[in-house]
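Novice: please work out how this folds:
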Amino acid sequence: MITRSAGRRGNEPPEKAWARWGRTHKEILERVTGPQHVLLEAAVRFVAAIGGQPILSRAAAFFLLHAGMGLTPAQVGAAIGRTDRAMRTVQALSGRGFLDSVWRHLGRHRQPKLQAEHAGPIAKYQVDHPACTQAEMVAFIARELKIHVEPLTLRRFFKAYGLGVLRSAAGPVEPPEAARPFV
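Specialist: Numbering: from 1, shown residues only. Coordinates of the predicted model:
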């Protein structure tokens, strides 16, 4: 069951939202410590002030669950206005997982590991080692650039920067298809 009691009702000020929340969640307030009470009050007032913006609510939930104050997902969910199941999902996230979930919510992808400035060193390695394999290229990137990439990521990078085709002074280098990183 989704509890939306933490959010605004019309133009309800945060003080009234806290008073209403306290009346409807007496059983939660009876079992919390003093510092937990302060955090829950701040969370309810914050959610009321922001009007239930999903990304800010999720951030507040993440910080409350990882604050080390012993708040349970059910308590945080009641304060934020979400289910305890949703809060268990937020609690399971690491810092990176939380940021990835925010990017997904925004409909964006996180920044790729390989950037435009990496094309030069990769192209130079490819020129210096014309018969290198995909595994050797991945090992070079991990060793020299300190970036772990998957083969699909490398394929997309090669395609984006035109690194799949090299030309030497005598003409194009054409090793066997499986031996080159990508064509």
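
Novice: which ones are touching residue 29?
Specialist: The neighbours of residue 29, taking CB atoms under 8 Å, 6 or more residues apart in numbering as the test, are 22, 37, 40. C-betas here are computed from N, CA, C, even on glycine.

Novice: quick check, nearest of these to residue 140?
Specialist: Taking CB to CB as the measure, residue 140 sits nearest to residue 40 out of those, at 51.9 Å.

Novice: tell me how many other residues crowd residue 27.
Specialist: Neighbours of residue 27 under the rule other CB atoms under 10 Å: 8.

Novice: going forward, begin numbering at 22 instead of 1
Specialist: Will do, 22 is the new start, and the previous item becomes residue 48.

Novice: then it would be within a strand, right?
Specialist: No. Using DSSP: H, G, I helix; E, B strand; the rest coil, the assignment for residue 48 is helix, not a strand.

Novice: model confidence for it, exactly?
Specialist: Predicted confidence (pLDDT) at residue 48: the value is 90.

Novice: which SSE is the residue nearest to the spatial centre of the chain in?
Specialist: The structure's the chain has its C-alpha centroid closest to residue 121; by CA atoms, centre = their mean the separation is 1.5 Å. Taking DSSP states H and E as the criterion, residue 121 maps to helix 116-127.

Novice: quick check: buried residues in the helix or strand following that helix?
Specialist: Using DSSP H and E, the helix or strand that follows helix 116-127 towards the C-terminus is helix 140-149. By neighbour count on 16 or more other CB atoms under 10 Å, the buried set for helix 140-149 is 140, 143, 146, 147.

Novice: tally of neighbours for residue 179?
Specialist: A count of nearby residues for residue 179, using other CB under 10 Å, gives 23.

Novice: now swap in the one 3 residues further on and tell me
Specialist: Around residue 182 sit 15 other residues, with neighbours defined as other CB under 10 Å.

Novice: the helix holding residue 121 packs against which elements?
Specialist: helix 75-86 (3 or more CB pairs under 8 Å, 6 or more residues apart in numbering; DSSP states H and E).
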